[in-house]
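1. Any chance you could fold what I've pasted below:
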Amino acid sequence: MEKQTLSFQAEVKQLLHLVAHSLYSNKEIFLRELISNASDACDKLRFEALNQNSLYEDQPNLEVRVSFDKAARTITISDNGIGLSSEEAIANLGTIAKSGTREFMDKLSGDQQKDAQLIGQFGVGFYSGFIVADRITVESRRAGARPEEGVRWSSQGTGDFEVETLTRERRGTDVILHLREGEDEYASTWKLKSIISKYSDHISLPILMRKEEWDKDKGEYVQQDEWETVNQAAALWTRSKGDITEEQYQEFYKQISYDSQAPLAYTHNRVEGRSEYTQLLYIPAKAPFDLWNRDKRGGMKLYVKRVFIMDDAEALLPVYLRFVKGVIDSADLPLNVSRELLQESRDVKAIREGSTKRVLSMLEDLAENQQEKYASFWKEFGAVLKEGVGEDNANRERLAKLLRFASTRADEGVSFADYVGRMKEGQEAIYYITADTLAAAKNSPQLEIFRKKDLEVLLLTDRVDEWMLNYLYEFDGKPLQSVAKGAVDLGKLQDEEEKKKAEEAATAFKPLLDRLKESLKDKAKDVRVTTRLVDSPACLVTEEGEMSGHLARLLKQAGQSAPETKPVLEINAEHALVQRLQDSERFDELAHILFDQALLAEGGQLEDPAAYVRRVNALLTA
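-> Numbers count the residues shown, from 1 in each chain. Okay, here's the model as predicted:
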């Protein structure tokens, strides 16, 4: 075949114009794409040779070679894969195939800046070479064809390309990039190796480059005739678990996470079914400094058939598992998958669900069989895991079993199952209290009746707890009940004498309650006698269904608005201060002091601290 000049398909012309003239933010992906194509060509040869072994000719070992020529300003990516015939070169290199590029073209808007971003999202395979090259030459011969049936394809990436016959002894393909002005940095062993290490380290084929040695006379590194493998050539996650040592798992974690410590736990699995993928997931030993940044990308790396696609693929795990590091290698996703497409893909949804369950299984195993490790995990990541109770309805019950709290029996490590197992006979609810600190929770007046009756109360002090409780109502059929909301009701645990005594006190103290309601009408929604107090004169509680004072304070601290609600003041009719209040000439001052002390005891802030100080000083000097 004599040299022919042919025109590109219309869509290719538009694509090449964008590649050549739009500012591109990640130029180095051209090498990833071309190495990926070379790897695919070798895979195709391996498949066709199953029925025709002669296609291997005299080269049974498949490989990819990357070389450069500084003087000629070229980079060459070579493979000994299936190769191209003249017809295939014309069809495949001049027309957009079914590789996702047509979808890319359908989304072009005419806005060069936006369209250039789409190139990165969809990938452009072979055409990405024009990001750094102003001319590309392809020399190829199909496996099984005669040497004189080779083909040379060449284009400057404008409107047309040239094709001619070539005599070529070797099967396979050479893609030669003639670098643009200003792109000479890519004609460097160090630069090419670093790109290969970043994007193509786990291609299963060996990627070879020429060795370099220092030449004293020239004062520079000089390429040698000897070739060396510059990638691992076998992705760790694709190997059998029995062939990987504990040390290798740990070193791989450190490599992908930049963490100097070994992981707390990991899981390595191959999943088959509707979606086929491999997962290697790690739980770090320590929380990163930006753990609470929910906008931070996740720690998952996405590969497709061992080709690196993206770092921080947050769609692969829910936000509340953002501390997990690892690799997902899918056999189903296209190489040109974007972050936007990840959000919509059914295959990604299956990967996300499967990986979430795998992480939860790993945590369940730690909680059951390695309690010290789980305690360490909970200290670092427990508060983040609680976010999942509200965000992951499908796994809410599993997450509830993994939760750990402090309680009036222990400062940490109490599970709902532990609590339920210790519930007293006749106890119908799981009692809890929320507070800013553990000390504030422990010393809350609302706990007094529970201590008296030896009833355990969970102490919830994480900022996320109040939000979590909007989604968690019960465990194992036992409702969760705040000791600081509504009138205290201990059900069967409160004997008839106590109930009768409380009713009599409410009747006897009605005049006092009415006076307190009037005096505190701007602060308290209601005033009532309570049985929850033993040593304290008063406490504040919230009505059922209303926002707690603790949550309202958290919202205000975060700069958000909170509904203005008034608490209920509950008084201990047997306390000396309440007894004194009935006959005091300073009733209003004592009433306000009683309210303010109750507010301080629950961790609230006084609206007018100076007024409180004046009232206390006046009583002290009276």
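
2. name the helices or strands packed onto the longest helix anywhere in the chain?
-> Counting residues, the longest helix found in the chain (DSSP state H) is helix 346-369. Here helix 346-369 touches strand 265-271, strand 277-283, strand 325-330, helix 371-385, helix 396-402, going by 3 or more CB pairs under 8 Å, 6 or more residues apart in numbering; DSSP states H and E. Just so you know, the C-beta spots here come from the backbone N, C-alpha and C atoms, and that holds for glycine as well.

3. So for that helix, what gets flagged as buried?
-> Buried residues in helix 346-369, counted by 16 or more other CB atoms under 10 Å: 347-348, 350-352, 354-356, 358-360, 362-363, 366-367.

4. Can you check what angle separates it from strand 277-283?
-> 40 degrees (axes from the mean of the first three to the mean of the last three CA atoms, to 10 degrees).

5. give the contact list for Phe8.
-> 16, 94, 155, 159-161 (CB atoms under 8 Å, 6 or more residues apart in numbering).

6. ditto for Gln223
-> 67, 189, 210-212.

7. Just list the residues touching Ser519, thanks.
-> Ser519 touches 587-588, 591-592, counting by CB under 8 Å, 6+ apart.

8. can you list the residues you listed in JSON lines and add pLDDT and neighbour count?
-> As requested, the contacts of Ser519 are arranged in JSON lines below (pLDDT from 0 to 100; neighbours: other CB atoms under 10 Å):
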{"residue": "Phe587", "pLDDT": "90", "neighbour count": "15"}
{"residue": "Asp588", "pLDDT": "89", "neighbour count": "15"}
{"residue": "Ala591", "pLDDT": "91", "neighbour count": "26"}
{"residue": "His592", "pLDDT": "92", "neighbour count": "18"}
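
9. ok, which stretches of the stretch 1-150 of the chain are helices?
-> For the stretch 1-150 of the chain, the helices defined by DSSP state H, counting those that start in this stretch occupy 10-21, 29-48, 86-94, 101-106, 112-122.

10. How many residues are close by the nearest residue to Ser376 once chain neighbours are set aside?
-> Of all residues not flanking Ser376 in the chain, Leu264 sits nearest, at 6.6 Å (CB to CB, 6 or more residues apart in numbering). Number of residues near Leu264 (other CB atoms under 10 Å) recorded here: 20.

11. Pull out the buried residues from the contacts of Phe8.
-> Neighbour-count burial within the contacts of Phe8 applies to 16, 94, 155, 161; the criterion is 16+ other CB under 10 Å.

12. Mind putting those into TSV with distance to Glu149 and pLDDT?
-> Listed next are these as TSV, based on distance: CB to CB, whole Å; pLDDT from 0 to 100:
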residue	distance to Glu149	pLDDT
Leu16	28	72
Gly94	19	71
Ser155	21	91
Phe161	19	90
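
13. so which of the residues you listed comes closest to Asp134?
-> Ser155 (10.1 Å; CB to CB).

14. how about the closest residue to the closest one other than its chain neighbours, what does it touch?
-> Computed as CB to CB, 6+ apart, the closest residue to Ser155 that is not its neighbour in sequence is Phe161, at 3.6 Å. By CB under 8 Å, 6+ apart, Phe161 lies in contact with 5-6, 8, 93-94, 153-155.

15. SS state for Phe161?
-> What DSSP: H, G, I helix; E, B strand; the rest coil gives for Phe161 is strand.

16. quick one: which of the buried ones among the contacts of Phe8 is nearest to Phe47?
-> Using CB to CB, Gly94 is the member of these that lies nearest Phe47, at 24.7 Å.

17. low-confidence ranges in the stretch 251-400 of the chain?
-> 292-298, 336 (pLDDT under 70).

18. can we see that at 50?
-> Scanning the stretch 251-400 of the chain for pLDDT under 50 picks out nothing.

19. now, which of the contacts of Phe161 sits nearest Pro609?
-> For the contacts of Phe161, the nearest to Pro609 is Phe8 (77.4 Å; CB to CB).

20. quick one: which two of the contacts of Phe161 are the most distant?
-> Thr5 and Leu93 (13.8 Å).

21. Pick out whichever of those two has more residues nearby.
-> The residue with more neighbours, out of Thr5 and Leu93, is Leu93; 24 against 12, by other CB under 10 Å.

22. Quick check, the more buried one in contact with Phe126.
-> Yes: judged on CB atoms under 8 Å, Leu93 makes contact with Phe126 at a distance of 6.4 Å.

23. tell me the contacts of the closest residue to Ala145 other than its chain neighbours?
-> In this structure, Ala145 finds its nearest non-sequential neighbour in Ser85, 6.5 Å apart by CB to CB, 6+ apart. Ser85 is in contact with 142, 145, 149, 151, counting by CB under 8 Å, 6+ apart.

24. One more pass at 10 Å, please.
-> Contact partners of Ser85, counting by CB atoms under 10 Å, 6 or more residues apart in numbering, are 91-92, 140-142, 144-145, 149-151.

25. again with Asp174
-> 38, 65, 67, 76-79, 137-140, 152, 168.

26. partner residues bridging the residue nearest to Ser155?
-> Taking DSSP bridges as the rule, Phe161 bridges to Leu6.

27. Start at 7, not 1
-> Shifting the count to begin at 7 puts that one at Phe167.

28. Quick one: neighbours of Ile83, just the number.
-> By other CB under 10 Å, 23 other residues sit near Ile83.

29. mind checking how far it is from Val70?
-> 7 Å (CB to CB, to the nearest Å).
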